[in-house]
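>>> just a sequence and a predicted model for now, questions to come.
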Amino acid sequence: MSTGPQPPTDKFLVSVPRAQFYKYGPAQAFGPDFNLPKGQKVTMLKREFGYSRVAMEDGTTGYVATDELAPAPPEPPPPRATPMPRPKRGSGFGSSSKPRRSNVQPVAEDPLFDITDIPLPMPEDPAPSPEKPKTE
């Protein structure tokens with residue numbers, strides 16, 4: 001599998017110990033706003049001779065000397081999702097293997113079911129018809 005030429009990246013890293021960051025351009029009268037540490041990631045918005053307009057990860061934009069930036073290495077691809085293991089035949093609901101039983105046991109003072117667990121008929125439900133006795 002051959003990959004063609006890679007497109008130029010807009011992600012860069014600061015390549016010097018401290019790069020001066022100017023919010024309004026390098027000609028601002030009051031000097032740099034702060035320094036970026038080596039390895040700081042920035043996104044190149046506009047490449048210019050001398051100073052380039054960049055955006056930091058927090059969204060702050062400004063200018064850094066172009067020769068103090070180096071292209072960032074490509075991001076690693078996201079990890080592939082591993083497929084879920086398929087269940088073995090006969091293991092799961094509706095299988096013909098041994099049925100599973102609950103480990104909950106009723107006790108006299110706390111039975112599993114009581115009269116309040118049986119739903120009462122709703123007013124709109126028809127009354128149940130009485131059962132006829134079977135004759136033999």
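Received it, and whenever you're ready, just let me know what you need.

>>> ends of stretch 51-66, what's the gap?
5 Å (CA to CA, to the nearest Å).

>>> please apply the same query to stretch 18-28.
19 Å.

>>> for it, buried residues please.
Within stretch 18-28, the residues that count as buried by 16 or more other CB atoms under 10 Å are 19, 20, 21, 22. All C-beta spots, glycine's among them, are computed from the backbone N, C-alpha and C.

>>> show me the beta-bridge partners of the third one.
According to DSSP bridges, the partner residues bridging residue 21 are residue 34.

>>> contacts only, for it.
Listed by CB atoms under 8 Å, 6 or more residues apart in numbering, the contact set of residue 21 reads 32, 33, 34, 35, 36, 62, 63, 64.

>>> 10 Å instead?
With contact set as CB atoms under 10 Å, 6 or more residues apart in numbering, residue 21 has these partners: 14, 32-36, 40, 42, 54, 56, 60-65.

>>> next: the second one.
When contacts are counted by CB under 10 Å, 6+ apart, residue 20 touches 26, 31-36, 51, 62-65, 68.

>>> hang on, residue 16 in a strand?
No. Using DSSP: H, G, I helix; E, B strand; the rest coil, the assignment for residue 16 is coil, not a strand.

>>> tell me the one of the buried residues of stretch 18-28 nearest residue 105?
residue 21 (70.1 Å; CB to CB).

>>> about what we covered before: which of the contacts of residue 21 are buried? Put it as a ChimeraX command.
Applying 16+ other CB under 10 Å to the contacts of residue 21, the buried members can be selected in ChimeraX as follows:
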select :14,32,36,40,42,54,62,63,64,65
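
>>> the contacts of residue 21 in strands, which ones?
14, 34, 35, 36, 42, 54, 56, 61, 62, 63, 64, 65 (DSSP state E).

>>> where's residue 11 relative to residue 19, distance?
Distance from residue 11 to residue 19, counting by CB to CB, to the nearest Å: 15 Å.
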